[in-house]
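Novice: Got a predicted model here, sequence first, then my questions.
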Amino acid sequence: FQDCDPGLLKELVLKLRLSVFSPGDYVCRKGDIGRDMYIVKRGLLTVVADDGTTVIANLSEGSVFGEISLLSIPGSKLGNRRAANVRSEGYCDVFVLSKEDLWETLKEYPEARSKMVANGRSILLKSKQFDEELERTENLRQQHGHDKMADLGAKMTHLQVKVTKMMQDFNKAQGKFKDRINTLEDRLRQCTCDNNPLANKCTTHNDQSKDTLVAPTAKHEELSDESC
């Protein structure tokens, strides 16, 4: 994390969680899948051999370890597995950062991500845990995966355009169909009135009733005029 963007470091600090280890606790074991990285806040940790007795290195306040297995470095012989056993010598306070939080933050800092992977590659080379042929193979596999994803994305976009056009055509056809139904219903009502004598008689009777009601009103108006 040397020379990392200050903004990146600030975001990572906010995602740290504190864990306490008792004497003899193993923080991680060789061969375990790496899901977290660690920063020693207080106390002493030791890197021990498989026999559990031989001490290879000491990790004190400020030491960072476990990050290599989180970076998914192409060419690493270890893959995402731990390279060593780390044990607590006494009570130790350790900050823990999960792989998910690390990668989620690195999405916003691609340059820092590339730099961290390059530093991890150098560490693996020095420890003879790096295979360049394996790196080429994994890079080709990743590129092939990216190409397939890009092709799939293009197909999905094309399919989405087709579905959108189909929906537009369907809505247009549905509108025309509704118009035709309304026209047919109007014609059907007209035909029903033309072929129903009772409907015509009722209409004529209503018209005559209106005339009868209007006539007395007119006569009444004439009488009113004569009275005046």
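Specialist: Looks like it arrived, so ask away.
Novice: so what's residue 181 up against?
Specialist: With contacts defined as CB atoms under 8 Å, 6 or more residues apart in numbering, residue 181 has no neighbours. No exception for glycine: its C-beta is placed from N, CA and C like everyone else's.
Novice: what helix or strand does it sit in?
Specialist: helix 132-194 (DSSP states H and E).
Novice: Tell me, what's the model's pLDDT at residue 41?
Specialist: According to the prediction, residue 41 has pLDDT 96.
Novice: Ramachandran angles for the residue sitting nearest the centre point of the chain?
Specialist: Nearest to the geometric centre of the chain sits residue 104, at 12.4 Å (CA atoms, centre = their mean). Dihedral angles of residue 104 (phi, psi; degrees, to the nearest 10) stand at phi -60, psi -40.
Novice: Ok, residue 79 next?
Specialist: Dihedral angles for residue 79 - degrees, to the nearest 10 - are phi 70, psi -130.
Novice: Excluding chain neighbours, what is closest to it?
Specialist: Distances taken as CB to CB, 6 or more residues apart in numbering put residue 69 closest to residue 79, at 7.9 Å, once the chain neighbours are dropped.
Novice: which ones are touching that neighbour?
Specialist: 33-34, 78-83.
Novice: how close does it get to residue 158?
Specialist: Residue 69 sits 40 Å away from residue 158, going by CB to CB, to the nearest Å.
Novice: what's the answer for residue 30, then?
Specialist: 49 Å.
Novice: Counting neighbours, go ahead and name the busier of these two.
Specialist: residue 30 (16 against 10; other CB atoms under 10 Å).
Novice: Backbone dihedrals for the closest residue to that one other than its chain neighbours, please?
Specialist: Among residues not flanking residue 30 along the chain, residue 85 sits closest, at 5.1 Å (CB to CB, 6+ apart). Recorded main-chain torsions at residue 85 are phi -90, psi 130, according to degrees, to the nearest 10.
Novice: Could you report the distance from residue 85 to residue 26?
Specialist: Using CB to CB, residue 85 is found at 6 Å from residue 26.
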